[in-house]
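Chemist: Give me coordinates for this.
(2 chains)
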Amino acid sequence: MNKRLLCSLLVLLLFVLSGCLETRVVDEVSMIRAAAFDFDKEKGLKFTVTFPTFPEQGQEQELQQGIISATGETAKGTRISLNKQSQKPVRFGQLRLLLFSQELAEQGVENTVRPMYRDPSVGNRILLAVVEGNDAGALLDSDLGIGELAGVYIPELIEQNYDTSILPPTNMHEFLFSLYNDGRDPYLPLLEQTDDRISVIGTALFDGERYHSKLDLNDSFILKMMIDTTRQAVQQFEVEYEDEQSYVVLEKLHSDVKRNLDKSGDVPVFTLDISIKGAIEDYNGKMNLDQADIIKEMEQSIEEQIANRGQELLVQFQEGGIDPVGMGEKYRSTTRDWDPEEWESSLYASAEFNVHVNVKIIQSGAIE
Amino acid sequence: MDNPIKEKYLVSGFLTLFLINGMQVGMGVLSYQRTVVKSAGYDAWISVLMAGMVVHLVIACMYILLKRSNGDLISIHQQIFGKWLGNTLSFFACLYFVVLGTTVLRGYIEIVQVWMFPDLPTWGMAIVAAAFFYYVVSGGFRTVVGLTFLGVIIPIVLVPILLLPLEFANFINMLPIWKHSIVELALGAKETTLSFLGFELLLLYYPFLKNKELTQKWAHFGAAMTTISYTGLMVVSLAFYSEEQLNRTIWATLTLYKVVQLPFLERFEYIGISLWMFLIVPNIALALWAASRCAKRIFQMNQRIALVISLALMVIIVLLMPTRQEVGLVDMWVGEIGFYLVFVYIPILVVLQAIVLKFRRGSHEQTTTM
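Modeler: Numbering: from 1, shown residues only, chains lettered A, B, ... in the order given. Model prediction:
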């Protein structure tokens, strides 16, 4: 009997004492939705976070968000000073978006991303992005005038653009994957704020952890096609037919890419084979789209454009010493005595690139 | 040699599969990628496969030992080294089992502390665990086996989920295959030892198996299951991480779970860590059972008392390891000791036993002819 009493007491203690641990009740913490790192002249880092605030009953219509920022020397350090200003303890479990100002990105972002990777409560799928200028924090505070909070709006904006394949998609895991990869360099989406509009303006290319240069949206799309398969994209192309400029918009654009490497010559020769399928959605020229040879001509014109621009971009990357497409990775996969130093210093600079594009227009809509 | 175990305490032979597999898969799987990759690079999966093959050889060795002596580790030791030296060696094995269970428990507490409850006191969980394991192990071997069975079946739901990170897979990482030397691969294989350890407990529970001579195929089957799942997980991890990234990730398997996002569940690793408890419970329970059984056989003592002593020892050792550095150090030492115990000592035992048996038979024949 005594034994039984002791047992039940132990079980009771188990339940009662578990309440002694620190709890994280949803409305007793500030759940950070988005955060931004800026460069601070005095201390090095300025960290801005935004979190939704839960209004009292009866005012549920009003969405509100709190925003606080702090400066410090390390990412973790700024997080401590955030708590000094916050009504409720700051928690990062719901973080969706991490922004960097361009100025900070130019000095390197590894020191700010690594603490996020180290913290197990932060997800690996969080989105990273670069903001032009040096005020990423202001982006989180912008009043969008549509009743949507910036902390929700920006991640959805970026995700939406990934889904329609305008930008090459990336998240924290993929960023770190490329950063810690000797045959690849990372890239992030580039955002811009004009008045009260936030928009995606292209891709920020990195050289290791440092911001290197940017690509506009058209080039981002070509980069995306050179890196990965594309599904459900829409893109406008310029076509020339019998000395007449016109524009054609392809939708349901699917693309596939094959990377080939020829090492038999003096220098490595990379060949990208991109095959694209799409349907015409809009066309402002005078041609009859029902004629097979016109479609053929159109296809050729688009092929040439993409191939030329792709090749230009690859040379541009090569001259800048960056490798967002992962050419080094391809080279490494066929080399037994892979030497990252040699690749970086001489092989990559001497490599040659060919881009072959094959466009197939499947249909041209319901009208002639 | 010894009194046979009563029929009602025996378990079916096919349960060997669960005993081997359940005891092998535990804390090691959560973090083995990093250490292997450090020496074998992106050929790490070959190392894992190699280690798995060696495990099969050792299992075959253990069956030779056990069939010849028809007893357990203690009777084998006594047969080869005589009573005193044999029992001393068995006592060291007993301590090893306690420490093996302890590293698993400490490792799990550490993960819960890092990933879920940062201010969970180590002693709190250690004491709750000790009470639980006293309850389980004092139920006898059959209870422990039942728990082991569940500990293999329930976590199976975690396996398909490990395929979801393949969304980010980049298999080109692994090419070209076999660019490391055989020595580097072997070193990598040695690093996986801690995650493969546990099957040596067969030396103690062998007398508890029904039709024990016929259980060898189940043992091999269980070990093969472990090898296949470890290799598969290694391939997934290698495709998912880049080399430097993997070197920086301590619990690569948990971080794999971290990208899993289901429509109704944003972060899977919390479920994963909780379910992992089912995987580690048989590890600790079997190790404690083995330690107490060992003590009972050596000192002819009550197994419950032996169990209490082992548990006390376990809690004390857990409390002596407050930081990551100590946990890492003890893990390394257990891996090292386990490696020599299993992959060096057991084959040596086979040879010694053969010599002793030959010598005895020789002298036996002499006595009969005289």
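Chemist: State the mean pLDDT of stretch B:287-297.
Modeler: Average pLDDT, stretch B:287-297: 92.
Chemist: what do you get for stretch B:42-50?
Modeler: On average, stretch B:42-50 scores 91.
Chemist: pull the CA atoms of it into CSV?
Modeler: Output of stretch B:42-50 as CSV, limited to C-alpha atoms (Å, rounded to 0.1, in the frame of the first residue of the first chain):
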residue,chain,number,x,y,z
TYR,B,42,31.5,12.7,-49.6
ASP,B,43,32.2,9.0,-49.9
ALA,B,44,30.9,8.6,-46.4
TRP,B,45,28.1,6.3,-47.5
ILE,B,46,30.7,3.8,-48.6
SER,B,47,32.2,3.9,-45.1
VAL,B,48,28.8,3.3,-43.5
LEU,B,49,28.3,0.3,-45.8
MET,B,50,31.7,-1.0,-44.9
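Chemist: which SS class is B:F18?
Modeler: Recorded secondary structure, B:F18: helix (DSSP: H, G, I helix; E, B strand; the rest coil).
Chemist: and it, what does it touch?
Modeler: Applying CB atoms under 8 Å, 6 or more residues apart in numbering or on different chains, one finds that B:F18 lies in contact with B:V145, B:T148, B:F149, B:G151, B:V152, B:G222. Heads up, the C-betas are built off the backbone N, CA and C, glycines and all.
Chemist: can you list the residues of the stretch 151-300 of chain B near chain A?
Modeler: Residues of the stretch 151-300 of chain B lying close to chain A (CB under 8 Å from any CB of the partner chain) are B:168, B:170, B:172-173, B:175-176, B:179, B:241-245, B:247-248, B:254-255, B:258-259, B:261, B:266-267, B:269.
Chemist: so what secondary structure elements neighbour the host helix or strand of A:L12?
Modeler: Secondary structure assigned from DSSP states H and E places A:L12 in helix A:2-17. If you count contacts as 3 or more CB pairs under 8 Å, 6 or more residues apart in numbering or on different chains; DSSP states H and E, helix A:2-17 packs onto helix B:122-137.
Chemist: 6 Å instead, please
Modeler: Contact partners of helix A:2-17 among helices and strands, from 3 or more CB pairs under 6 Å, 6 or more residues apart in numbering or on different chains; DSSP states H and E: none.
Chemist: CA atoms only for that helix, dumped as CSV, please.
Modeler: In CSV, the C-alpha atoms belonging to helix A:2-17 read as follows (Å, rounded to 0.1, in the frame of the first residue of the first chain):
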residue,chain,number,x,y,z
ASN,A,2,2.8,2.4,1.0
LYS,A,3,4.6,1.6,-2.2
ARG,A,4,1.5,2.4,-4.2
LEU,A,5,1.1,5.8,-2.5
LEU,A,6,4.7,6.7,-3.2
CYS,A,7,4.2,5.8,-6.9
SER,A,8,1.1,7.9,-7.3
LEU,A,9,2.9,10.8,-5.5
LEU,A,10,5.8,10.5,-8.0
VAL,A,11,3.4,10.5,-11.0
LEU,A,12,1.6,13.5,-9.5
LEU,A,13,4.9,15.4,-9.1
LEU,A,14,5.7,14.6,-12.7
PHE,A,15,2.7,16.5,-13.9
VAL,A,16,2.8,19.3,-11.4
LEU,A,17,6.6,20.0,-11.7
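Chemist: Hey, what's the angle from that helix to helix B:122-137? Just curious.
Modeler: Between helix A:2-17 and helix B:122-137, the angle comes out at 140 degrees (axes from the mean of the first three to the mean of the last three CA atoms, to 10 degrees).
Chemist: pLDDT on helix A:2-17, on average?
Modeler: Mean predicted lDDT for helix A:2-17 stands at 78.
Chemist: next helix or strand past that helix?
Modeler: strand A:30-31.
Chemist: How far does that next one sit from its chain's centre?
Modeler: Put simply, strand A:30-31 sits 24 Å off its chain's centre (CA atoms, centre = their mean, to the nearest Å).
Chemist: now for that strand, which elements pack on it?
Modeler: Against strand A:30-31 (3+ CB pairs under 6 Å, 6+ apart) you get no helix or strand.
Chemist: What is the subsequent helix or strand relative to that strand?
Modeler: Following strand A:30-31 toward the C-terminus (DSSP H and E): strand A:34-40.
Chemist: what about the strands in the stretch 201-350 of chain A?
Modeler: Counting by DSSP state E, counting those that start in this stretch, the stretch 201-350 of chain A has strands at residues A:210-215, A:230-241, A:244-262, A:269-283.
Chemist: neighbouring contacts of the third one?
Modeler: Spelled out, that is strand A:244-262. Residues from elsewhere that reach strand A:244-262 (CB atoms under 6 Å, 6 or more residues apart in numbering or on different chains): A:225, A:229-231, A:233-239, A:269-279, A:281-285, A:330, A:334.
Chemist: What strands flank that strand, and is each parallel or antiparallel?
Modeler: With DSSP bridges as the test, strand A:244-262 is paired with strand A:230-241 (antiparallel), strand A:269-283 (antiparallel).
Chemist: And for the first one?
Modeler: Taking DSSP bridges as the criterion, strand A:210-215 forms sheet pairs with strand A:197-207 (antiparallel).
Chemist: Run through who's touching the partner strand.
Modeler: With contacts defined as CB under 6 Å, 6+ apart, strand A:197-207 is touched by A:130, A:161, A:185-192, A:211-217, A:220, A:322, A:324.
Chemist: for stretch A:38-49, same thing?
Modeler: Contacts of stretch A:38-49 (CB under 6 Å, 6+ apart): A:32, A:35-37, A:69-73, A:78, A:101, A:103-104, A:134, A:136-137, A:140.
Chemist: Among those residues, name the buried ones.
Modeler: Listed as buried from those are A:32, A:35-37, A:69-72, A:78, A:101, A:103-104, A:134, A:136-137, A:140; burial here means 16 or more other CB atoms under 10 Å in any protein chain shown.
Chemist: Over to B:T249. Which of the three states is it?
Modeler: Under the three-state scheme (three-state DSSP), B:T249 adopts coil.
Chemist: Touching, it and B:T255? I think so.
Modeler: Yes. Between B:T249 and B:T255 there is a contact under CB atoms under 6 Å: 5.2 Å.
Chemist: Output the below-cut-off pLDDT ranges for the chain.
Modeler: Going with chain A. Within chain A, the ranges that satisfy pLDDT under 70 run A:1, A:17-23, A:55-63, A:145-147, A:242, A:287, A:364-368.
Chemist: Not quite, go with chain B.
Modeler: Across chain B, residues meeting the criterion (pLDDT under 70) sit at B:1-3, B:363-370.
Chemist: Could you find the residue nearest the spatial middle of it?
Modeler: Centroid check for chain B by CA atoms, centre = their mean gives B:G198 as the closest residue, at 2.3 Å.
Chemist: and the residue lying closest to that one once chain neighbours are set aside, what is it in contact with?
Modeler: Among residues not flanking B:G198 along the chain, B:M23 sits closest, at 3.5 Å (CB to CB, 6 or more residues apart in numbering or on different chains). With contacts defined as CB under 6 Å, 6+ apart, B:M23 is in contact with B:G198, B:L201, B:N283, B:L286.
Chemist: I'd like the distance between B:M23 and B:M125.
Modeler: According to CB to CB, to the nearest Å, B:M23 and B:M125 sit 21 Å apart.
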